[in-house]
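# My questions concern the predicted model and sequence given below.
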Amino acid sequence: MTGLTESIESAEQLTVAWRAMVLDRDADADVRDLPGIAVRWADCRFSFYNCITLTEAGAGADLVARRLGQAADIMRAKRHPGFLWLFEGLLDDEARTALAAAADQAGLQYAFPGTGMAGDLLPIPDPVHPDLTFVRVRTDEHLRAYADLQSRAYGFPLEEGRDGLVGSAYWKSEVYAYLGMRGDVPVACAATVEAQGRLFVAFVATDPQWQRRGYGEAVTRKALHEGARATGLTRATLHATVAGAPVYPRIGFTPNSPIHFYNLKQ
């Protein structure tokens, strides 16, 4: 794949995977596909379920500036905050140079970076970690533990993660979501889900007090192993945070597009 092709793939994986998750959270969620903009907005307290992204490949500076303004207007009309995910690999050189100023002009502020990654790496072996056992998310108790790991890892109040995930039947059936258990304590989590012929990795997190022990990598490998075994898929994709970026290449992922996360200026 070329760099642009992989960037397109990365953005499309977000729009496909998030559409299913957001509609699971709220059947009336905003999942519009507008010219150059995909909205995937549950308008709940879990900000990662409130998502908007730009979709045009090779977009120039003027077009990107216009789309950023339109995206910000959509975000302002929502009750709950969320993020604009911007895939840098979709922009032309001029638009990349002008991006910071264009985002500022639109009323957006930079939140944090990410990286799109992908690889034809499946299947992978069933992982073993000396500290962990793995449990698939099948019950409301499991799902609450998964949500709480998200909140702790990202510094959200526990109620925010729970507002996104708790009560979902989709997460307990269609998603290959796993908890890494240290004894009877959930310490890490990861999920994979089928998205347009790929296995998409999402919502990897480790409790901050248990980080840097290989738990996140181990549970990600488990979600990939089981997802691949169930689906037969061979290609996997993900969007890495700074914390996860060094981990995933060890599994076989190759970085592609940088991702810029923006929220509205306060």
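Now that the structure is in, tell me what you want to look at.

# for the strand or helix carrying G227, what is the average pLDDT?
Following DSSP states H and E, the helix or strand that holds G227 is helix 215-231. If you average the pLDDT over helix 215-231, you get 98.

# Skip ahead from it and say which helix or strand is next.
Past helix 215-231, further along toward the C-terminus, the next helix or strand under DSSP H and E is strand 236-240.

# how far is that next one from where the chain is centred?
The chain centroid and the centroid of strand 236-240 are separated by 8 Å under C-alpha atoms, centre = their mean, to the nearest Å.

# That strand packs against which elements?
Counting contacts by 3 or more C-beta pairs under 8 Å, 6 or more residues apart in numbering; DSSP states H and E, the secondary-structure elements packed against strand 236-240 are helix 3-25, strand 108-119, strand 198-206. Any C-beta I mention is one placed from the backbone N, CA and C, and that applies to glycine too.

# Give me whichever of the ones you listed is most buried.
strand 198-206 (a mean of 25; mean count of other C-beta atoms under 10 Å).

# if I look at A42, how far off is S168?
As for A42, its distance to S168 is 11 Å (criterion: C-beta to C-beta, to the nearest Å).

# shared neighbours of these two, anything?
Residues within reach of A42 and of S168 at once, by C-beta atoms under 8 Å, 6 or more residues apart in numbering, are R25.

# More neighbours: which of those two?
For A42 versus S168, neighbours defined as other C-beta atoms under 10 Å are more numerous around A42 (27 against 20).

# Was I right to think the more buried one contacts V22?
Yes - distance between A42 and V22: 4.6 Å, which falls inside the contact criterion (C-beta atoms under 8 Å).

# Next, show the common contact partners of those two.
Among the neighbours of A42, those also in contact with V22 (C-beta under 8 Å, 6+ apart) are 29, 49.

# For the spatially closest residue to Q109 that is not a sequence neighbour, give me its contacts.
Spatial nearest neighbour of Q109, excluding adjacent residues (C-beta to C-beta, 6 or more residues apart in numbering): K265 at 4.8 Å. Under the criterion of C-beta under 8 Å, 6+ apart, the contact list for K265 reads 107-109.

# make it 10 Å
With contacts defined as C-beta atoms under 10 Å, 6 or more residues apart in numbering, the neighbours of K265 are 72, 103-104, 106-109.

# now L121
By C-beta under 10 Å, 6+ apart, the contact list for L121 reads 199, 224, 228, 234-236, 248, 251-254.

# Filter these down to the buried ones.
When neighbours are counted using 16 or more other C-beta atoms under 10 Å, those contain these buried positions: 199, 224, 228, 236, 248, 251-253.

# Looking at these, which is nearest Q211?
Proximity of the buried ones among the contacts of L121 to Q211 (C-beta to C-beta) peaks at Y248, which lies at 15.5 Å.

# Isn't that closest one up against G114?
No - under the criterion of C-beta atoms under 10 Å, Y248 makes no contact with G114, lying 11.6 Å away.

# can you list residues touching both of these two?
By C-beta under 10 Å, 6+ apart, the residues touching both Y248 and G114 are 238, 240.

# From E12, how far off is L179?
The spacing between L179 and E12, counted by C-beta to C-beta, is 29 Å.

# related to what we said a few turns ago, would you mark the buried spots in the helix holding G227?
Of the residues in helix 215-231, those with enough neighbours to count as buried (16+ other C-beta under 10 Å) are 215-228, 231.

# helices or strands next to that helix in the packing?
With contacts defined as 3 or more C-beta pairs under 10 Å, 6 or more residues apart in numbering; DSSP states H and E, helix 215-231 has these neighbours: strand 133-136, strand 176-182, strand 185-195, strand 198-206, strand 236-240, helix 248-251.
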